[in-house]
Structure formats: structure tokens, C-alpha cells
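Enquirer: could you look at this predicted model? Sequence included:
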Amino acid sequence: MAARLRVVAVAAACLAVFGCGRTTPQPSRVTIMQFEAPVTMDPGDHTSSLTYDVLAPIYEALTKFGEGLAVEPSLATAWNVDATGTKWTFTLRRNVRFQDGSPFDAEAVAHSFARLVDPARGLAGGSRFRAILASVTAADTYTVVFTLRRPYAPFLRVTAVTPIVSEAADAKGILSSRAVGTGPYKFVEWRTGEHVLEERNNDYWGARPAAQQLLWTWTSEPVLMNMSVLTGEADIVNPLPPIFAEALQKSPRVQLIEGVGTSVFWVALNMQTKPLSDLRVRQALNYATDRDALVRTQLRGFGAPANSPLAPADFGYAAATRGYGYDPARAKRLLAEAGYGEGLTLKMAAQEEDGALAEALQGMWANVGVRLEIESMEHGVYSQTIFGSPRQKQAAGIDCVLAAWASDNADPDFQLSPLYATDAWSPASANLGFYSNPRLDALLANAAAELDPEKRKALYATAQQTIVDDAPHVLLYYPQAVAARHVGSATGAARLLPGGRIDFDGK
């Protein structure tokens, strides 16, 4: 999972080709700074949004997202589905080659998906496919047939966020350290702890990008990100820490770029522990949380309080979902009814970078008699801890986890099933608090199989309210996507696509 669990996180939209078609002078190199290093160069072996961003210029998928997150052709030029909703046939683009010179064809596509569903490979990005994909075959050189285990409405969105890799490179075992795709940029080097360098692919099948090189750098220090974009050491900082967004929007040296975020911040409550197995306690923690204050203090206003487990940008978001208002008196009454009138103590796992948010919650919950102990962890330890089994979490004394999640395709199934389905209990997936509701499981399964968009929305509206009523999470807020561009850089216009990915063209 990504830092803060932002799974491949950014609502998917293909990274725009930098400056294609422009006649004004263009930079030879664009430097982009992030707050997290990539975990691998293999697009199938991670679930990190920021790793995905780094690899996006190198790799392409069968489909892609256009305006409004509509699905458009990419490496596939056409597709159709049979009457059962389980057999998808894709026609592939011709005259495309991988950056190692090997041909892009149906065999390469079949191999890319087969490696993901192969349990022996154990690739981190394969979990979403194993439950839905029965087989994938090359019908001929440029035709691929997918057979699903059941109808699955978001399948075209799944293909949009599944990069196709070189079968030849995979056979050599080099993909973890050297990316090989079909995209407008090709891999040059990855210096662990320093940078990833990418170079324009002059053999690219489409319009060639303007910038000759992309240099991806990273730092976990927000102050350094702020200074880098002010001085021009970084052309783009993305995402921009909210603490600096307020100040930088007044600087003549920086252009603030605002977009629509898709992540949801929350606290997962361990329902296998005695205090939190009681609905009244979980509801009390929700009523004890002042979400408006968190948006003001933690996001500097760049965001909104969360009323639902879906972000407003997601398909199916129900604005009418009844969340929890700030009502500490009611929280105290609920705790007293549950037998905790004298208070209780909870232990929270949080990443170091989320320390201020954790401390804000600590202060709010203390007002209703809940003593929150914060165990601050660096990313590696945090990831290992939060994905522990019920027994492992009990041994570690972890009662709750501060995290966030954003689906990579803005579809409710990717946002809700990994977090709330019974079969998604960690370590299998990201149901970190071991929540289980058979009614919700049925709702999510039916919604994922429903091909009628309006019927899907209705099912997801019921699912959202069910989750909120059961309170397995304390939902916190929806951060706005914010990036910053140094005005002295020659990157041209820029905008943020839904979810936070930079479109350097600004088209």
C-alpha cells in the first residue's frame, strides 16, 4: 500500500504526454518532486499511487481515462462484451513495440494479465484480478479474449489501470529494477534513495512528448518540498503538503494547481477488540470528532469533511449519506451506556507524517474520556503492522489505524470492497479493522455485477449508508488535490486530473 494507504491511489487518468504538439520552446528536463520513493519498477508488484505516477509515462494500458474519467481507447482500439457480460474481446493497436524492441501483440497482453493472476508469482497488484478473471487468451495476433468469473461492471476501468509489460523483459527477470513498456518515455536509471530518470521514447507510436527527460525525486520533508518549488530546484511538487499551500498561493514564484481529490482519510477501528466491538463506542468516537476543525487545521481549508466512505469524485457517491456531526455530549452518553463512563484507552498506529492529525484526534477524543496512545511509525514498519492478522494486531495491542485510501479508477468497488468486505480482512486486503456485515457483502457483490449505471448507484447509496451506520471507521475528510509549479520553469500550463495526477499540457 502507498503512504497513507493511497492505493495506486490517484483516481486513474492517463498521465498526459508532456507538451505534445506545442511550438513554443520546451524544456530538456522536467523535475517532479514527490514525498515518497517508488517501491519497484514493476507496475504489477505494488499498490502505491506515487510509484504508479513515476511509471505512468513508461507504461500504457489497453484503455485509458479521458475527460470526466470516461474510458477511451489506448493500446486497444475497440472492444465488445457478450450478452452474459463475462466475455470481453479487445482489438489491439498495430505497429506498436515495447521499448526493448519486442512486439506488442495479443500474446504480450495475455502474459501481462496471466502473471498477475498467477498465485505463484505473488505480485502485489494481482489481488484485484484473481477473483474476477477466469482466463485470458490470444485469439490471434491482435485479438485478446478475457473470460470473467462473473459479470463485472468496472472491467474497462480495471484495464485502464493495468499497464502492459514486455514479456521478454519479464522473462529476463528485470522488471523490478528496469521498467519496459510502450509509453512515450523509456526508463534510463533508478538510483535508490535519489531519483528515477526517464527519457523520451523517439520510437513511440503516438505523438512524441516535448520534454526530453523526466527526473523524479522525492523527500519526506515537507519543508524541503516547499523550498524546492520556490527556488526552482523542482519544476513541480505533487502532492503539495496543505500546510504550505496556503502560503504558496500568495507567492509570485509559484503557481498553485488545484484539482479534485479522490482519497478519503479515516481511522479503522479494530472490531475484534472488546471496546470497539460495541457499536455505541464506535459511534461515540465518530461524534467526538470535529471534522470541520480538522479540515481547517490539517488541510488549511483545502478539503471537505467526510460524510461517506466514498469521495465526491467517485462514481456512485451519495451526497445524501447521513454522516456524524460533532456532538461530544452525545459521545459521552454513548460511552456511558456502553459501560465506559469512566473513560477508556485506545492505541493507534499512525505514520510519522500523519503525526499532527493523530495528535488532533488525541485532543478531541480526550474531551469525551478516550485516552488515545499514538504509536508513530516509519512507513515500512507501519505497513507491516497495519496489515497484520487479528491475532497479530491483538499481540501488538493495536486498537485502531489512521490511514487513507483512494481507488485508482474512481469506481466504488475499488474503494469499498477492499476496505469493508468480509473476505478483505488483512492481510488478504485492506479491511484493517476486521469489519463484517453479510448484508453489505451482498450489496457490494451485486453492485459490482450490475451493468446498469443507475441501478449500481442505487445499490452503492445503500452500501454507503450501511457502512456509516455500522461505523467500522471514523471517517475524517476528503483532501483536495493540490500541486505547485515553479513559474520560472518551462513546463507550460498544467492542471491536476481527478485524483491528483499532473497533466503538464493543461489541455
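Expert: Here it is on my side, so go on. Since the structure is predicted, the reported quantities are computational estimates derived from the model, not experimental observations.
Enquirer: distance between stretch 395-411 and the chain's centre?
Expert: Distance of stretch 395-411 from its chain centroid, counting by C-alpha atoms, centre = their mean, to the nearest Å, is 11 Å.
Enquirer: which parts of it are buried?
Expert: Buried residues in stretch 395-411, defined by neighbour count with 16 or more other C-beta atoms under 10 Å: 398-411. Where C-beta positions appear, they are placed from N, C-alpha and C, glycine not excepted.
Enquirer: go on, stretch 381-390?
Expert: Neighbour counts over stretch 381-390 (16+ other C-beta under 10 Å) mark 382-383, 385-388 as buried.
Enquirer: over to stretch 294-306?
Expert: Quick answer for stretch 294-306 (16+ other C-beta under 10 Å): 294-295, 298-300, 302-306.
Enquirer: sorry, back to before: out of the buried residues of stretch 381-390, flag the one nearest to Arg29.
Expert: Ser383 (32.0 Å; C-beta to C-beta).
Enquirer: measure the closest one to Leu432 for me?
Expert: Ser383 sits 11 Å away from Leu432, going by C-beta to C-beta, to the nearest Å.
Enquirer: how about residues contacting the host helix or strand of Glu246?
Expert: Using DSSP states H and E, Glu246 sits in helix 242-248. With C-beta atoms under 8 Å, 6 or more residues apart in numbering as the contact definition, helix 242-248 has outside contacts at 222, 225-226, 229-230, 240, 254, 256, 298-303, 479, 482, 484.
Enquirer: just the helices in the stretch 301-450 of the chain please.
Expert: 328-337, 355-366, 379-386, 390-396, 412-420, 438-449 (DSSP state H, counting those that start in this stretch).
Enquirer: other SSEs contacting the first one?
Expert: In terms of contact count using 3 or more C-beta pairs under 8 Å, 6 or more residues apart in numbering; DSSP states H and E, helix 328-337 is assigned the packing partners helix 279-287.
Enquirer: for the helix it packs on, C-alpha coordinates in CSV please.
Expert: Taking C-alpha atoms only, helix 279-287 is exported to CSV below (Å, rounded to 0.1, in the frame of the first residue of the first chain):
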residue,chain,number,x,y,z
LEU,A,279,-21.4,-0.1,18.1
ARG,A,280,-22.0,2.6,20.8
VAL,A,281,-18.3,3.0,21.3
ARG,A,282,-17.6,3.3,17.6
GLN,A,283,-20.4,5.8,17.2
ALA,A,284,-19.1,7.8,20.2
LEU,A,285,-15.7,8.2,18.5
ASN,A,286,-17.4,9.5,15.4
TYR,A,287,-19.4,12.0,17.4
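Enquirer: report all helices and strands that it contacts.
Expert: Helix 279-287 sits against strand 264-269, helix 328-337, strand 473-479, with contacts defined as 3+ C-beta pairs under 8 Å, 6+ apart.
Enquirer: what do you get if the cut-off is 6 Å, keeping everything else the same?
Expert: Secondary-structure packing of helix 279-287 (3 or more C-beta pairs under 6 Å, 6 or more residues apart in numbering; DSSP states H and E): helix 328-337.
Enquirer: lowest-scoring secondary structure element of this protein by mean pLDDT?
Expert: Least confident helix or strand, the chain: strand 502-503 with a mean of 69, by mean pLDDT, DSSP states H and E.
Enquirer: between the buried residues of stretch 395-411, which sits nearest Thr51?
Expert: Nearest to Thr51 among the buried residues of stretch 395-411, counting by C-beta to C-beta, is Asp408 at 11.4 Å.
Enquirer: can you map out the strands along the stretch 1-150 of the chain?
Expert: Secondary structure of the stretch 1-150 of the chain (DSSP state E, counting those that start in this stretch): strands at 29-34, 63-65, 71-73, 76-81, 87-92, 133-140, 143-148.
Enquirer: among those strands, which is the most enclosed?
Expert: Ranked by mean neighbour count, these are led by strand 63-65 with a mean of 23 (mean count of other C-beta atoms under 10 Å).
Enquirer: can you list the strands that that one pairs with?
Expert: Using DSSP bridges, strand 63-65 pairs in its sheet with strand 71-73 (antiparallel).
Enquirer: name the nearest residue to Arg128, ignoring sequence neighbours.
Expert: Spatially, and ignoring its direct neighbours in sequence, Arg128 is nearest to Val158 (6.8 Å; C-beta to C-beta, 6 or more residues apart in numbering).
Enquirer: Three-state assignment for the one you found, please.
Expert: At Val158 the chain is in helix, as set by DSSP: H, G, I helix; E, B strand; the rest coil.
Enquirer: now do it against Ala61, distance only.
Expert: As judged by C-beta to C-beta, Val158 and Ala61 stand 9 Å apart.
Enquirer: please apply the same query to Arg495.
Expert: The separation that Arg495 has from Ala61, given C-beta to C-beta, amounts to 21 Å.
Enquirer: quick one: which of these two has more around it?
Expert: Ala61 (25 against 16; other C-beta atoms under 10 Å).
Enquirer: which residues does the more buried one contact?
Expert: By C-beta atoms under 6 Å, 6 or more residues apart in numbering, the contact list for Ala61 reads 74, 159-160, 162-163.
Enquirer: did I read that right, Ser176 in a strand?
Expert: No - read with three-state DSSP, Ser176 is coil and lies in no strand.
Enquirer: the closest residue in space to it that isn't next to it in sequence - how many residues pack around it?
Expert: Spatial nearest neighbour of Ser176, excluding adjacent residues (C-beta to C-beta, 6+ apart): Asp42 at 4.8 Å. Using other C-beta under 10 Å, Asp42 is surrounded by 24 other residues.
Enquirer: cool, and Pro154?
Expert: For Pro154, the neighbour count with other C-beta under 10 Å is 22.
Enquirer: between the buried residues of stretch 381-390, which is nearest Ala37?
Expert: Nearest to Ala37 out of the buried residues of stretch 381-390 is Ser383 (C-beta to C-beta; 13.5 Å).
Enquirer: can you give me the distance of the closest one to Met271?
Expert: Separation of Ser383 from Met271 (C-beta to C-beta): 21 Å.
Enquirer: then Ala120?
Expert: Per C-beta to C-beta, Ala120 is found 33 Å from Met271.
Enquirer: and the two? which has more neighbours close in?
Expert: Using other C-beta under 10 Å, the more surrounded residue of Ala120 and Met271 is Met271, with 19 against 6.
Enquirer: what about that one, which helix or strand?
Expert: Short version, using DSSP H and E: Met271 is in no helix or strand.
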